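Trainee: Turn this into a structure:
(one chain, ligands or ions: 1)
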Amino acid sequence: MGAISGEELLKWEKMQGMGAREEKILVLVRLRPLSEREAAANEVADWECINDTTILYRNTLREGSTFPSAYSFDRVYRGDCSTREVYEEGARGIALSVVNGINSSIFAYGQTSSGKTYTMNGITEQSSL
Ligand SMILES: Nc1ncnc2c1ncn2[C@@H]1O[C@H](COP(=O)(O)OP(=O)(O)OP(=O)(O)O)[C@@H](O)[C@H]1O
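Mentor: Numbering: from 1, shown residues only. Modelled structure (predicted):
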């Protein structure tokens, strides 16, 4: 993994808004692309990433639900983002902060098949490169 540089720490603090000393929890959301099976069944994604921090939820199941809801997070990764990008921007700083003696943890939360294992295995592989 290597040591964390001052530049990386600054970038990490910037991502957290007011700075790492004030913000304790960072919430990153990664959307996964539709699987081949879902695409073959003409399913559509209810979630859409509209910028780096906001996702829209369109409830296609509920009739009369025409207005999408917007949710903001510290960082949102769209379905075509690579695991490398998620690692570099979202996880590397946290992993390396441990080397600097900062207690940190990364955990994945989401419904079944949302990509927790894929992402956590992927960032672990990236960190060992
Ligand atoms: N970003 C992605 N790009 C491509 N495929 C993905 C991505 N995320 C997940 N997948 C694929 O989607 C499927 C479900 O992912 P995964 O097993 O990681 O989900 P999970 O959240 O760990 O599920 P569970 O809670 O059931 O263990 C897998 O086949 C995985 O390869």
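
Trainee: Not counting residues beside it along the chain, what's closest to the residue in the chain that the ligand sits nearest to?
Mentor: Residue of the chain nearest the ligand, by C-beta to the nearest ligand atom: Gly115 (2.9 Å). Every residue, glycine included, has its C-beta placed from N, CA and C. Distances taken as C-beta to C-beta, 6 or more residues apart in numbering place Arg32 nearest to Gly115, at 4.0 Å, with adjacent residues excluded.

Trainee: Count residues in the vicinity of the one you found, would you?
Mentor: Arg32 has 19 neighbours, counted by other C-beta atoms under 10 Å.

Trainee: how far away is Ile102 from Ile94?
Mentor: 9 Å (C-beta to C-beta, to the nearest Å).

Trainee: Comparing these two, which residue is more hemmed in?
Mentor: Ile94 (18 against 12).

Trainee: Which elements pack onto the lengthiest helix in the chain?
Mentor: Longest helix in the chain, counting residues (DSSP state H): helix 116-127. Judged by 3 or more C-beta pairs under 8 Å, 6 or more residues apart in numbering; DSSP states H and E, helix 116-127 is in contact with helix 83-85, helix 92-99.

Trainee: Please compute how far that helix lies from its chain's middle.
Mentor: Mean-position distance between helix 116-127 and its chain equals 12 Å (C-alpha atoms, centre = their mean, to the nearest Å).

Trainee: same deal with stretch 46-53?
Mentor: 11 Å.

Trainee: change the start of the numbering to 56 and stick with it
Mentor: Sure, I'll start numbering at 56, so the last one becomes stretch 101-108.

Trainee: ok, that stretch near the ligand or not?
Mentor: No. Using C-beta under 6 Å from any ligand atom, stretch 101-108 never reaches the ligand; the gap is at least 12.3 Å.

Trainee: Nice, that's everything, thank you.
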